[in-house]
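> sequence and predicted model, in that order:
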Amino acid sequence: MQADALSARIDLTVRLESLTQYYGVYLLISGDVVQRFSKPEKYHIRFLDRAIVKGRQEAITVCEVLDVEVEPVRSLKIQILPVFEEGLEQYCQGNFAKAQLYFEHIVALNPADKPSRI
């Protein structure tokens, strides 16, 4: 049983690592990992998506860890995090034109922010 649990975690880690290329980010973690943090406020985490990865039936929450980014990208992403979150909220509510304005604003400030371009 322990080996199966460990294999599942390793498999999920590999799947998340492969998604870093798709999203163009340095480090992704699942929402389950974020929930296990004893002090989540110590970290800058950006929710990106819900995705179904190979070997899973249900979608997992995919989050970017901003703290591992290089400066000045890290500071910029942290600064515009509220704009990203509002854009995502508008998108989830079906306000696609409004969401697009938020993400276009982010891309104007940071053209390398691939999650905002996506």
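Done, it's in.

> is it true that residue 61 lies in a strand?
Yes: applying DSSP: H, G, I helix; E, B strand; the rest coil, one finds residue 61 inside a strand.

> sec struct for residue 48, please.
strand.

> measure it to residue 65 for me?
Look at residue 48 and residue 65: by CB to CB, to the nearest Å, they are 11 Å apart. The C-beta positions use only the backbone N, C-alpha and C, and glycine is treated the same way.

> wait, residue 80 sits on residue 115?
No: assessed by CB atoms under 8 Å, residue 80 is found out of contact with residue 115, at 11.4 Å.

> so between residue 48 and residue 65, which is more surrounded?
residue 48 (20 against 17; other CB atoms under 10 Å).

> ok now do that one, which residues does it touch?
Contact criterion CB atoms under 8 Å, 6 or more residues apart in numbering gives 23, 25, 28, 62-64, 115 as the residues in contact with residue 48.

> one more pass at 10 Å, please.
Taking CB atoms under 10 Å, 6 or more residues apart in numbering, we find residue 48 in contact with 19, 22-23, 25, 28, 61-64, 84, 88, 114-115, 118.

> can I have the buried ones of those residues as a ChimeraX selection?
Of those, the buried ones go into a single ChimeraX selection, burial set by 16 or more other CB atoms under 10 Å:
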select :19,23,25,28,61,62,63,64,84,88,115
